[in-house]
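Student: I would like the atomic coordinates for the input below:
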Amino acid sequence: MKYRLILFLLFGIDALILCFETSHVSIASSEAVLLYDEHTFLSYIVNNFLSLVGKSDFTLRLPFIIFHLLSALLIYLISKEYVSKEKNRLWLLVAFMLLPGVVSSAIMVNHAGFLIFGLLFYIYVEKRVPLIWKNLLLFLYSLIDGGFSYLFLGVGIYNFHHKDKREALYSFGLYILNAYLYGFDVYGYPRGHFLDTIGLYSAIFTPVIFIYIFYTLYRRYLTAKKDELWYISVTALIFSLVLSFRQRVPIEHFAPYLIVAMPLAAQTFVSSYRVRLKEHRKGYRAIFILAFILLILNTLVVFFNKELYLILDNPKKNFAYNMHIAKELAQTLKNNNIKCLRTDNKMQRRLRFYGIEKCSKYILLELPLSGKKQADVTISYKGKILYRGNVTKLNNK
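Tutor: Now for the predicted structure:
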């Protein structure tokens, strides 16, 4: 009963914090592209949801908060197969909720949050439903999002190693179908982005957790403990690292495959901790404490990202800069009775979400933050100027 209450409290606090955070961000240019320019299953979900419940920052992000909460529930349920004690499963759940990449995917309109949910849903149901339903789910995945391509490869390799050639061929066939529908991201001349990719993984997981997940996957490679989840995660990791020698990889398509490997890491950590005498457990306790300190610090930075403006010389160096300004800018324009204008494409899409349409009556030009030219529009946060722009009325007669 005690653990069930803690579980409900964790979900409630997580949901409240995420819902509160939606009021502090604006739509980003990448989110506006998904909303207005993409013709994908995820774009269809978001646009239809907005048409049903109305357009606001909260309703824009609500589907992804729901995906996040369902993902958290699924990872808790999946962890029962890997971690026996309820207390340890709750710690795993807290770690999942605090992961910077998971937090970001919960409040951003992108494919990562949807991928995390889709992967966890497959992992949860694949042993609980008949084979025909599992294959039907994989077929649907092949149609709705290109990010699932490494799921098909991982499942195919798993089946091939377990002498199930028919299922392996089916999975590889779905990979080919998915690649035909969504393309295969190999492009340009070989360029080294390996260290950049490692850095992004470290930022998404925090260095301690990423290293431990990497260690877990490698350690299981040396043993017989390689289940389907291991194959799925390792396949995506290897592909991301190999591709990074040639090009910048879309990390949002690969990180979800390592996020879903957290039950494996938790199982390895708990097993390693238990087999050691108490006097030899200090190192593991230090790793555990350091991991959670970094998780909490990273999560605080994500949630209180606006405070970074007070210490940065250039506000545009804030990692969340592209999720600010647009809402305040749109409100300022409306206060000046400007309901349509023309500006650069990225800001044009963002302003469209807040009711500022495109027209040739006015033109908005962004000014340098440190410039001396007087600005018509200024967006500030606690006295720190974040945006300056001039609005010019055009004579179209």
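Student: what residues does Cys340 make contact with?
Tutor: Cys340 makes contacts with Ile356, Glu357, Lys358, Cys359, Lys361, Tyr362, as judged by Cβ atoms under 8 Å, 6 or more residues apart in numbering. For every residue, glycine as well, the C-beta is placed using N, CA and C.
Student: so what pLDDT did Ser149 get?
Tutor: As predicted, Ser149 sits at a pLDDT of 93.
Student: distance of it relative to Gly355?
Tutor: Distance, Ser149 to Gly355, using Cβ to Cβ, to the nearest Å: 37 Å.
Student: and for Tyr76?
Tutor: Note on Tyr76: its distance to Gly355, by Cβ to Cβ, is 40 Å.
Student: more neighbours: the two, which one.
Tutor: Higher neighbour count among Tyr76 and Gly355: Tyr76, with 20 against 13, using other Cβ atoms under 10 Å.
Student: find the residue closest to that one in space, skipping its chain neighbours.
Tutor: Distances taken as Cβ to Cβ, 6 or more residues apart in numbering place Leu93 nearest to Tyr76, at 5.0 Å, with adjacent residues excluded.
Student: can you tell me the helix or strand for that neighbour?
Tutor: Secondary structure assignment for Leu93, by DSSP states H and E: helix 86-98.
Student: what residues are up against the nearest residue to Leu351 once chain neighbours are set aside?
Tutor: The shortest distance from Leu351 to any non-neighbouring residue, by Cβ to Cβ, 6+ apart, is to Ala330 (5.3 Å). Neighbour list for Ala330: Leu351, Tyr354, Gly355, Ile356 [criterion: Cβ under 8 Å, 6+ apart].
Student: name the SS class of Ala330, please.
Tutor: Assigned with DSSP: H, G, I helix; E, B strand; the rest coil, Ala330 falls in the helix class.
Student: and stretch 213-227, what's buried?
Tutor: The neighbour-count check on stretch 213-227 (16 or more other Cβ atoms under 10 Å) flags Ile213, Phe214, Thr216, Leu217, Arg220, Lys226 as buried.
Student: which among the residues you listed gets closest to Val377?
Tutor: Distance to Val377, by Cβ to Cβ, is smallest for Ile213 among the buried residues of stretch 213-227, at 45.3 Å.
Student: show the pLDDT at the closest one.
Tutor: Per-residue pLDDT puts Ile213 at 94.
Student: tell me the angle the helix or strand hosting it makes with helix 86-98.
Tutor: Using DSSP H and E, Ile213 falls within helix 207-221. Going by axes from the mean of the first three to the mean of the last three Cα atoms, to 10 degrees, helix 207-221 is angled at 120 degrees with respect to helix 86-98.
Student: so what does helix 207-221 touch, helix or strand wise?
Tutor: Counting contacts by 3 or more Cβ pairs under 8 Å, 6 or more residues apart in numbering; DSSP states H and E, helix 207-221 packs against helix 194-205, helix 228-244, helix 262-274, helix 282-303.
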